[in-house]
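Trainee: Have a look at this fold, sequence not included:
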């Protein structure tokens with residue numbers, strides 16, 4: 001397996017460095033032919049090449065099996081004509097990574113305001129209210145007058161059906177329960193199309209129990225009783241907000257891994273941002289980046305039919321859980337270790 005590694009901005013180089021150590025260790029432990037190809041994107045690339053993402057980098061990524069993307073300083077990149085491209089959006093859109101998979105679970109030893117839970121949010125990744133990816137011209141926000149602005153929402157049947165199918169497949173592998181989140185009472189046409197698509201795909205999975213919940217009610221239900229849910233599927237913006245909520249309910253955004261997957265390619269990406277306020281201090285939590293790497297290995301295991309990649313993925317997850325139980329963790333989740341020390345602890349717990 002060839003993985004392109006882009007450390008990113010802010011805390012990215014710190015969390016990615018220990019993640020690379022873990023990937024190399026599980027590759028050796030499980031005898032995986034894993035090749036890590038290092039490159040740059042974001043601010044480093046902008047300074048060196050005049051663009052946050054270059055055509056050469058895209059070509060390298062397209063000829064690999066997966067991508068590990070570190071957190072990027074997204075809000076710094078405002079003008080694509082000056083090379084300031086949002087790398088995360090760019091790869092999701094260019095590689096058609098339509099499924100954003102965001103697990104969230106509680107861990108023994110990490111304080112949480114709720115009872116224990118283990119769920120997955122499946123978020124459509126390529127359209128919806130996101131103005132930077134739902135029209136060909138690149139921006140669907142319109143300033144009518146200095147005091148009037150319009151933002152368009154694109155919802156297509158094909159995108160709804162494929163994200164629904166991804167969620168139903170996941171549900172069939174877990175507790176066979178799927179929750180569809182929408183706002184059909186207000187967005188009657190677009191969320192109506194989304195619900196119709198989900199209903200169509202549901203016919204292919206008669207063994208899956210399905211419930212539909214309005215997005216505002218869903219937020220209340222998740223805070224009150226997250227253990228009620230297993231796999232959740234929704235449109236882009238609702239999924240973005242809901243997945244951050246569920247990750248934080250688990251104890252920290254630093255505990256949430258992310259996989260952006262398409263039919264032929266996938267990208268592991270930490271759930272959090274670049275956190276420039278703590279960059280360089282060696283205190284960033286690397287677990288989100290590591291869990292994203294584990295998800296990428298599991299995705300490749302299914303695609304390649306090689307169980308050793310799944311074993312490697314499970315090794316990373318089990319080691320992180322062991323570190324949490326041992327309190328060998330960073331201070332954001334009530335520990336005292338540095339990023340590097342936490343990475344070393346994960347290596348020591350790998351089996």
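Mentor: It's in. Keep in mind that this is a model prediction, so the values were computed, not measured. Numbering: from 1, shown residues only.
Trainee: tell me, what residue is most central in the protein?
Mentor: The centre of the chain sits closest to residue 258, judged by C-alpha atoms, centre = their mean, with a distance of 2.3 Å.
Trainee: Give the full set of residues in contact with that residue.
Mentor: Shown in contact with residue 258 (C-beta atoms under 8 Å, 6 or more residues apart in numbering): 100-102, 243, 268-271, 288, 292, 295. All C-beta spots, glycine's among them, are computed from the backbone N, C-alpha and C.
Trainee: separation between it and residue 125?
Mentor: 10 Å (C-beta to C-beta, to the nearest Å).
Trainee: Return every residue with contacts to both of those two.
Mentor: Common neighbours of residue 258 and residue 125 (C-beta under 8 Å, 6+ apart) are residue 100.
Trainee: Residue 325 against residue 108, yeah?
Mentor: Yes. Using C-beta atoms under 8 Å, residue 325 is in contact with residue 108, at 6.0 Å.
Trainee: And those two? Which one has more around it.
Mentor: Neighbours around residue 325 and residue 108, counted as other C-beta atoms under 10 Å, are more numerous at residue 325. The numbers are 14 against 8.
Trainee: Spatially, which residue comes closest to that one, not counting chain neighbours?
Mentor: Closest residue in space to residue 325, ignoring its immediate chain neighbours: residue 109 at 5.5 Å, by C-beta to C-beta, 6 or more residues apart in numbering.
Trainee: looking at this, the one you found is in a strand?
Mentor: No. Judged by DSSP: H, G, I helix; E, B strand; the rest coil, residue 109 forms no part of a strand; its state is coil.
Trainee: Which segments of the protein make up each domain?
Mentor: The chain breaks down into these domains under automatic domain parsing: 1-95+277-351, 113-249.
Trainee: Give me the mean pLDDT for the last one.
Mentor: It refers to domain 113-249. Averaging pLDDT along domain 113-249 yields 95.
Trainee: Strands of the stretch 1-150 of the chain, start to end?
Mentor: 2-6, 35-38, 66-69, 99-105, 118-124, 141-145, 148-151 (DSSP state E, counting those that start in this stretch).
Trainee: Dump these into TSV; add mean neighbour count and distance to residue 212 as well.
Mentor: Output for the strands of the stretch 1-150 of the chain, formatted as TSV (neighbours: other C-beta atoms under 10 Å; distance: least, C-beta to C-beta, whole Å):
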stretch	mean neighbour count	distance to residue 212
strand 2-6	22	37
strand 35-38	13	42
strand 66-69	25	33
strand 99-105	24	20
strand 118-124	24	15
strand 141-145	9	29
strand 148-151	10	25
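Trainee: ok, back up a step: go through the domains of the chain and name the closest to residue 263.
Mentor: Closest to residue 263 of the domains of the chain is domain 113-249 (C-beta to C-beta; 8.2 Å).
Trainee: Off-centre distance for that closest one?
Mentor: 14 Å (C-alpha atoms, centre = their mean, to the nearest Å).
Trainee: That domain: end-to-end distance?
Mentor: Distance across domain 113-249, first residue to last, is 7 Å (C-alpha to C-alpha, to the nearest Å).
Trainee: What segments of the stretch 251-351 of the chain are helices?
Mentor: Secondary structure of the stretch 251-351 of the chain by DSSP state H, counting those that start in this stretch: the helices cover 287-304, 307-325, 339-349.
Trainee: Return the most buried member of those helices.
Mentor: Among the helices of the stretch 251-351 of the chain, helix 287-304 has the highest mean neighbour count (mean count of other C-beta atoms under 10 Å), at a mean of 24.
Trainee: re earlier: give me the lowest-pLDDT entry from the contacts of residue 258.
Mentor: Where pLDDT dips furthest among these: residue 271, at 87.
Trainee: That one reaches residue 247, doesn't it?
Mentor: Yes. Counting by C-beta under 8 Å, residue 271 touches residue 247, with 5.5 Å between them.
Trainee: what sits up against stretch 130-148?
Mentor: 80, 86, 89, 92-93, 126-128, 149-154, 236-237.
Trainee: now with 6 Å?
Mentor: 89, 93, 127, 149-152, 154, 236 (C-beta atoms under 6 Å, 6 or more residues apart in numbering).
Trainee: Just tell me which of the helices of the stretch 251-351 of the chain ends up closest to residue 113.
Mentor: Comparing those by C-beta to C-beta, helix 307-325 comes nearest, at 17.3 Å.
Trainee: Quick one: mean pLDDT for that closest one?
Mentor: Mean predicted confidence for helix 307-325 is 97.
Trainee: And for that helix, what's in contact with it?
Mentor: Residues contacting helix 307-325 (C-beta under 6 Å, 6+ apart): 26, 30, 32, 107-109, 287, 290, 294, 297-298, 300-301, 345-346, 349-350.
Trainee: any idea how far that helix is from the chain center?
Mentor: Using C-alpha atoms, centre = their mean, the offset of helix 307-325 from its chain centre is 18 Å.
Trainee: same thing with stretch 22-42?
Mentor: With C-alpha atoms, centre = their mean, you get 19 Å for stretch 22-42.
Trainee: Same check on stretch 16-27?
Mentor: The answer for stretch 16-27 is 19 Å, by C-alpha atoms, centre = their mean.
Trainee: Other residues contacting it?
Mentor: Contacts of stretch 16-27 (C-beta under 6 Å, 6+ apart): 7, 34, 70, 286, 289-290, 293, 312, 315, 343, 346-347, 350.
Trainee: before we move on, back to that, now, the most widely separated pair of the contacts of stretch 130-148?
Mentor: 93 and 149 (22.7 Å).
Trainee: Doesn't residue 211 lie inside a strand?
Mentor: Yes. Per three-state DSSP, residue 211 lies within a strand segment.
Trainee: No further queries at this time; thank you.
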